[in-house]
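[1] Sequence and predicted structure are below.
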Amino acid sequence: MAIFRERPYGNAQFLVEIDGVIAPDVLEVHLPELGLEAEEFRTGSDQEVTSRKFPSRPRFGNLVLKRGFRGDLELYNWWKQTVSGNPGAKRQLTIHLLSENASGAVCSWRLKGAFPLRYAFSPLDGRDGGILMETMEIAADSVEMF
């Protein structure tokens, strides 16, 4: 359950779980946008020329995870399962926002029926010497906050 307080929480303390297992070294999370489609409707006897809008189906944007590549092929293998049509490739992801002292979750996002859409790496650059980042974009059937 989300914990309310007067001042906003920081964004640096979080955990990512994939099917209940903590995903190590995730450095950046782009949470999905939540939206609704609007349906337009107008009855034949309506005096107004314009239609009325009603909320329709919810839409869930994609989650993006970024982490330093350690040679672990877990994300790649998940992407391969999805490409091959394996019905077991859908997972449950939970993102936990932690308090500043990391003593516990203050809010969480749960994505059900999640599967990877895109798997990518940052450029290899011999002049830079930075960290090789792997990025995964993930779609989900539903998203809930708690």
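    Received it, and whenever you're ready, just let me know what you need. Residues are numbered from 1 along each chain as shown.
[2] Sketch out the strands for this structure, chain order is fine.
    14-18, 21-22, 26-30, 34-41, 52-60, 63-68, 91-98, 105-121, 133-139, 142-145 (DSSP state E).
[3] Can you pull up the most central residue in the chain?
    By Cα atoms, centre = their mean, the chain has its centre lying nearest to Leu63, at 2.4 Å.
[4] Tell me who's in contact with the closest residue to it other than its chain neighbours.
    Among residues not flanking Leu63 along the chain, Ile138 sits closest, at 4.5 Å (Cβ to Cβ, 6 or more residues apart in numbering). Glycine gets a C-beta too; all of them are placed from N, C-alpha and C. By Cβ atoms under 8 Å, 6 or more residues apart in numbering, the residues touching Ile138 are Asn62, Leu63, Val64, Leu65, Leu93, Leu111, Ala114, Phe115, Pro116, Leu117.
[5] make it 6 Å
    Leu63, Ala114, Pro116 (Cβ atoms under 6 Å, 6 or more residues apart in numbering).
[6] next one: Ala23
    Val16.
[7] Please report how far the closest residue to Val143 other than its chain neighbours lies from Ala89.
    Leaving out its chain neighbours, the residue that sits closest to Val143 by Cβ to Cβ, 6+ apart is Phe60, at 4.7 Å. According to Cβ to Cβ, to the nearest Å, Phe60 stands 18 Å off from Ala89.
[8] Likewise for Glu40?
    Applying Cβ to Cβ to Glu40 and Ala89 gives a distance of 36 Å.
[9] out of these two, which sits in the more crowded spot?
    Legend: neighbour count by other Cβ atoms under 10 Å for Glu40 and Ala89, higher for Ala89 (17 against 10).
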